[in-house]
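Visitor: with the sequence up front, the predicted model follows.
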Amino acid sequence: MREFAKNLKRVVIKVGSSSITHENGDINLRKIFDLCWQLSDAKNHGYEVVLVSSGAIAAGSKRLNLKDRPNTTALKQAASAVGQVALMNTYNRILGEFSYHGAQILLTKHIETDELMLTNAKNAFKELFNLNVIPIINENDTISTFEIKFGDNDTLSAIVSRIIDADLLVLLSDIDGLYTCDPRENSDAELIKNVDTITEEIKSCAQGTNSKVGTGGMVTKISAANLCMEKGIDVVLANGKDMKIIKDILEGKEIGTYFRSKKND
């Protein structure tokens with residue numbers, strides 16, 4: 001059993017676009033139902049849970065009948081505005097079946113440097129936890145500009161983990177974890193089960209994503225892990241193909257790649 005499972009209380013779970021949408025961009029209702037079931041079960045277990053969810057631009061693009069992912073800032077913002085509504089409606093409808101409510105929080109990178117915004121965010125999270133609500137986070141794409149964008153939800157999930165003093169960040173992607181090289185291109189690739197320090201060798205293992213609907217790659221996941229590890233937050237990178245994996249991860253089973261923070265020393 002991994003160390004974090006012994007005293008786990010507050011968890012951030014990040015799902016990428018490829019984990020909750022079909023390849024054509026439509027929302028994958030079965031996957032979101034399974035995700036909400038896992039989140040609700042984690043709440044029933046006593047964990048405080050935050051979800052960082054991608055998928056707004058992908059979902060909006062489909063609803064706007066766009067053939068390809070938007071390649072201009074304005075079109076991305078428009079697609080996000082449409083898709084965010086669809087995503088939250090879906091999350092809330094399904095969470096309601098398990099007697100929980102979701103709360104939408106949209107953040108920009110100013111949250112890192114603006115003390116008032118940071119304080120307000122911390123207070124909001126605290127009250128939502130007290131009210132037994134599940135915060136659902138995304139970047140505020142509609143008003144963000146290039147200079148203030150996180151650029152990917154891996155980084156956003158790490159920042160949220162730091163804001164709320166999470167014990168664990170779970171990054172769910174379309175790959176089983178960090179490999180020595182890209183397993184989709186090299187059959188000799190080996191899964192790295194444990195990482196204690198982000199070295200240059202670890203960084204060299206990173207490869208870009210091949211997903212048509214996502215924006216992040218392994219580089220951003222390693223960067224997110226580093227942001228968390230330096231604050232004593234553990235990270236697990238695993239495959240979100242089957243959302244039941246969340247329960248196994250929270251129980252400390254050796255799944256995916258475990259980025260072990262210094263707090264465990």
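Guide: The structure has been received and is ready for your questions.
Visitor: make it CA atoms for all contacts and neighbour counts henceforth
Guide: Fine.
Visitor: quick one: mean pLDDT for stretch 5-15?
Guide: Averaged over stretch 5-15, pLDDT sits at 96.
Visitor: in the chain, which spans are strands?
Guide: 10-15, 48-53, 102-107, 134-139, 168-173, 194-195, 234-239, 257-259 (DSSP state E).
Visitor: deepest-packed of these, please.
Guide: strand 168-173 (a mean of 27; mean count of other C-alpha atoms under 10 Å).
Visitor: do a quick rundown of the helices in the stretch 1-150 of the chain.
Guide: In the stretch 1-150 of the chain, the helices defined using DSSP state H, counting those that start in this stretch lie at 17-20, 29-45, 56-63, 73-97, 115-130.
Visitor: neighbouring contacts of the last one?
Guide: By that I understand helix 115-130. 48, 103, 110-112, 134-135, 163-164 (C-alpha atoms under 8 Å, 6 or more residues apart in numbering).
Visitor: those: which two are farthest apart?
Guide: Spanning the widest gap among the contacts of helix 115-130 are Glu48 and His110, at 24.7 Å by C-alpha to C-alpha.
Visitor: residues contacting the residue of the chain most remote from its centre?
Guide: Of all residues in the chain, Asp188 has its C-alpha farthest from the mean position, at 28.2 Å, by C-alpha atoms, centre = their mean. Contact analysis of Asp188 by C-alpha under 8 Å, 6+ apart lists nothing.
Visitor: what about the helices in the stretch 151-265 of the chain?
Guide: Under DSSP H, counting those that start in this stretch, the stretch 151-265 of the chain gives helices at 153-163, 200-204, 218-229, 245-250.
Visitor: just give me the neighbour total for the nearest residue to Met1 once chain neighbours are set aside.
Guide: With sequence-adjacent residues excluded and distances taken as C-alpha to C-alpha, 6 or more residues apart in numbering, Met1 is closest to Gly252, at 4.8 Å. Gly252 has 17 neighbours, counted by other C-alpha atoms under 10 Å.
Visitor: please look at Gly252 and Phe4 and confirm they touch.
Guide: Yes: here Gly252 reaches Phe4: they are 7.0 Å apart, a contact under C-alpha atoms under 8 Å.
Visitor: winner for burial among the helices of the stretch 151-265 of the chain?
Guide: helix 153-163 (a mean of 24).
Visitor: ok now that helix, how far from the chain's centre?
Guide: The chain centre lies 8 Å from the centre of helix 153-163; the measure is C-alpha atoms, centre = their mean, to the nearest Å.
Visitor: that helix to strand 102-107, inter-axis angle?
Guide: Orientation check (axes from the mean of the first three to the mean of the last three C-alpha atoms, to 10 degrees): helix 153-163 against strand 102-107 gives 100 degrees.
Visitor: so where's the chain shaky on pLDDT?
Guide: Along the chain, segments meeting pLDDT under 70 span 25, 141-149, 151, 207-216, 264-265.
Visitor: residue contacts, Ile13?
Guide: Neighbouring residues of Ile13 by C-alpha under 8 Å, 6+ apart: 49-52, 157, 169-172.
Visitor: thanks again, I'm all set now.
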